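Participant: Have a look; sequence and predicted model below, questions after that.
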There are 2 protein chains.
Amino acid sequence: MDKLNIIKIGGNIIDDEMKLSEFIASISSLNEPFILVHGGGKLATDLAEKLNIPQQLIDGRRVTNAETLKIATMVYAGYINKTIVALLQKNNINSIGLSGTDGNLIEAKKRKNNEIDYGFVGDISKESINISFLESMSNLGLTPVICAITHDKKGQLLNTNADTIANVIATCLAHLFEVKLFYCFEKKGVLLNSEDENSVIESLNFETFQDLKNKGIINKGMIPKIENCFQALANGVKEIGIINAQNCVNFITKNNNEGTRIK
Amino acid sequence: MDKLNIIKIGGNIIDDEMKLSEFIASISSLNEPFILVHGGGKLATDLAEKLNIPQQLIDGRRVTNAETLKIATMVYAGYINKTIVALLQKNNINSIGLSGTDGNLIEAKKRKNNEIDYGFVGDISKESINISFLESMSNLGLTPVICAITHDKKGQLLNTNADTIANVIATCLAHLFEVKLFYCFEKKGVLLNSEDENSVIESLNFETFQDLKNKGIINKGMIPKIENCFQALANGVKEIGIINAQNCVNFITKNNNEGTRIK
């Protein structure tokens, strides 16, 4: 099977023009096919603040009213997505920016929750992904850059968690490619001590994870993220890394230990 | 040769959610392949105002500084583009939203002008268009929705006139398809008297145009637009219409006279 790397980027490499430019140059030298998935960093929050649109987060998830969805669509599908694609083109990677409505790539369901109204948030499953469309892009030699905006095929755009998109796409493609999944952010990996940047857990298996979870060392936001990783591995994804963006290419090509490998 | 309609939309059908939704439903019933090209309406200007970014226009062209480019990219490539694609998907048209950097579709050159600095404005010619990429989209049964953001292949996004994009794409595809080009806006067509909405010039040939231009009846902004239309006809485009968006489908299918046909 051909190799395919699904790389999710988030956090301050998106907010910082210089870091983003360096990251894209480095990833362009990878010599292996990849799909980029990105969130929105702080740019959407900053824009909402400037426009005096109050933002509400419940358990780390943005409550997406109509105005917030508009901002997310502008920032994720517009500014960030096209900035990344233009940088890849500069580095001779023929890329294509996609939201979930383009080519009907990701058909989500608006979240229903009787207790909390998350607004225009879309939940996805394996069935949501248009795999043949992604295969077509791959056959054309195009590198997809996928943002966290999806749709419901009824004319409504939706906001979907970028980590989830990366995970579900990796899972869907695992029977067609040798898929590796990498989450790139500003920290060096999953930390034993959140205040010690060098306390990276190099290797995490399900038992270690359960143990660290029970001890409260792996904290709230990280738990579902890592649980989804184990699910993806169970579904055929070959390898998962949680790493610093600057170390992404070395982690993939030189197989070094500067990050967390989930096995 | 297969038929292909290039339809440029602008003005208040983009600004008005209801009108846009009706227009997309109507165009989805066309039963002929099409490519949509869109500008940004007043939404970009409104957002710039809310963010206190002063806008400067010279001869009807926006001067695009870095902040204005960011706004244009957010509004054109993000909000408007994805809103249109989602509406087409709702109407069972499998569409894909594209800026000029996606698939390297439009490689523009940053405008050089010793007198006026237009900022991040991209000029294009026939050589700018990646025709084989558009053919690939067509072969996949995808309807392109193209926004007025291009790039220079050196990592810089650029703002390009949407009318020009529609015209140049029509010209480029005229040897592959039977291309018709339609400019849809809020007026009924080119008017003899700008204050009389019903004074539509039904048919405009080069002689009539020269005559109306000399008499000052066809005014400044319209002159280069129509000159480009005659150029496109000379290069093989079969028909050009300047029409009201609500009349678009009837104008194309029933060949009616409620609009301006350029011959």
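Facilitator: Arrived safely, thanks for sending.
Participant: quick one: the helices in the stretch 1-150 of chain A?
Facilitator: For the stretch 1-150 of chain A, the helices identified by DSSP state H, counting those that start in this stretch occupy A:12-15, A:17-27, A:43-50, A:66-72, A:81-90, A:131-139, in order along the chain.
Participant: of all the residues in the stretch 51-200 of chain A, which ones are close to chain B?
Facilitator: By CB under 8 Å from any CB of the partner chain, the part of the stretch 51-200 of chain A that sits against chain B consists of A:51, A:70, A:73-79, A:81-83, A:85-87, A:89-90, A:94-99, A:101-104, A:133, A:136, A:140, A:142, A:149, A:151, A:153-157. All C-beta atoms are positioned from the backbone trio N, CA, C, and that covers glycine.
Participant: If you go by neighbour count, which of these are buried?
Facilitator: Judged by neighbour count, with 16 or more other CB atoms under 10 Å in any protein chain shown as the criterion, the buried members of these are A:70, A:73-79, A:81-83, A:85-87, A:89-90, A:94-99, A:101-104, A:133, A:136, A:140, A:142, A:149, A:151, A:153, A:155-157.
Participant: so which of the helices of the stretch 1-150 of chain A comes closest to B:Ala170?
Facilitator: Each of those was checked against B:Ala170 via CB to CB, and the shortest separation belongs to helix A:81-90, namely 23.6 Å.
Participant: How is chain A divided into domains?
Facilitator: A:13-25+A:34-160, A:178-263 (automatic domain parsing).
Participant: Which residues are in contact with the closest residue to chain B within chain A?
Facilitator: Nearest residue of chain A to chain B (CB to the nearest CB) works out as A:Gly78 at 2.2 Å. Under the criterion of CB atoms under 8 Å, 6 or more residues apart in numbering or on different chains, the contact list for A:Gly78 reads B:Thr73, B:Met74, B:Val75, B:Tyr76, B:Ala77, B:Gly78, B:Tyr79, B:Asn81.
Participant: rerun that using 6 Å as the cut-off
Facilitator: Under the criterion of CB atoms under 6 Å, 6 or more residues apart in numbering or on different chains, the contact list for A:Gly78 reads B:Thr73, B:Met74, B:Ala77, B:Gly78.
Participant: For it, which non-adjacent residue is closest in space?
Facilitator: With CB to CB, 6 or more residues apart in numbering or on different chains as the measure, B:Gly78 is the residue that lies nearest to A:Gly78, at 2.2 Å, once sequence neighbours are left out.
Participant: Roughly how far does the one you found sit from B:Leu43?
Facilitator: Relative to B:Leu43, B:Gly78 is positioned 11 Å away (criterion: CB to CB, to the nearest Å).
Participant: quick one on the thing from earlier: among the domains of chain A, which comes closest to B:Asn256?
Facilitator: Across the domains of chain A, B:Asn256 has its closest neighbour in domain A:13-25+A:34-160 (28.5 Å, CB to CB).
Participant: and the end-to-end length of that closest one?
Facilitator: This stretch, domain A:13-25+A:34-160, spans 20 Å end to end (CA to CA, to the nearest Å).
Participant: Next: stretch A:243-253.
Facilitator: From start residue to end residue, stretch A:243-253 stretches across 13 Å - CA to CA.
Participant: in it, what's buried?
Facilitator: Neighbour counts using 16+ other CB under 10 Å place A:Ile243, A:Asn244, A:Ala245, A:Gln246, A:Asn247, A:Cys248, A:Val249, A:Phe251, A:Ile252 of stretch A:243-253 among the buried residues.
Participant: swap in stretch A:231-241?
Facilitator: Of all the residues in stretch A:231-241, those buried under the rule 16+ other CB under 10 Å are A:Ala232, A:Leu233, A:Asn235, A:Gly236, A:Val237, A:Lys238, A:Glu239, A:Ile240, A:Gly241.
Participant: Any idea which helix or strand in chain A has the lowest mean pLDDT?
Facilitator: Of all helical and strand segments in chain A, the minimum by mean pLDDT, DSSP states H and E falls on strand A:61-63, at a mean of 73.
Participant: nearest spatial neighbour of A:Asn5, skipping sequence neighbours?
Facilitator: With CB to CB, 6+ apart as the measure, A:Phe34 is the residue that lies nearest to A:Asn5, at 4.1 Å, once sequence neighbours are left out.
Participant: Run a quick neighbour tally on A:Lys126.
Facilitator: For A:Lys126, the number of neighbouring residues by other CB atoms under 10 Å in any protein chain shown comes to 11.
Participant: where do the strands sit along the stretch 51-200 of chain A?
Facilitator: Taking DSSP state E, counting those that start in this stretch as the criterion, the stretch 51-200 of chain A contains strands spanning A:56-58, A:61-63, A:95-98, A:109-110, A:122-123, A:143-147, A:149-151, A:157-159, A:178-185.
Participant: A:Ala166 and A:Lys8 touch, don't they?
Facilitator: Yes: counting by CB atoms under 6 Å, A:Lys8 is a contact partner of A:Ala166 at 3.8 Å.
Participant: Take the buried residues of stretch A:231-241 and keep only those in strands.
Facilitator: When these are checked against strands using DSSP state E, the ones located there are A:Glu239, A:Ile240, A:Gly241.
Participant: Just confirm the last one contacts A:Gly259, I think it does.
Facilitator: Yes: applying CB under 6 Å, one finds A:Gly241 in contact with A:Gly259, separated by 5.3 Å.
Participant: list residues touching both of the two?
Facilitator: Contact criterion CB under 6 Å, 6+ apart; residues bridging A:Gly241 and A:Gly259 by contacting each: A:Phe251.
Participant: Name the nearest residue to A:Leu233, ignoring sequence neighbours.
Facilitator: A:Ile240 (6.4 Å).
Participant: bridging residues for that neighbour?
Facilitator: Beta bridges link A:Ile240 to A:Leu181, A:Ile262 when assigned by DSSP bridges.
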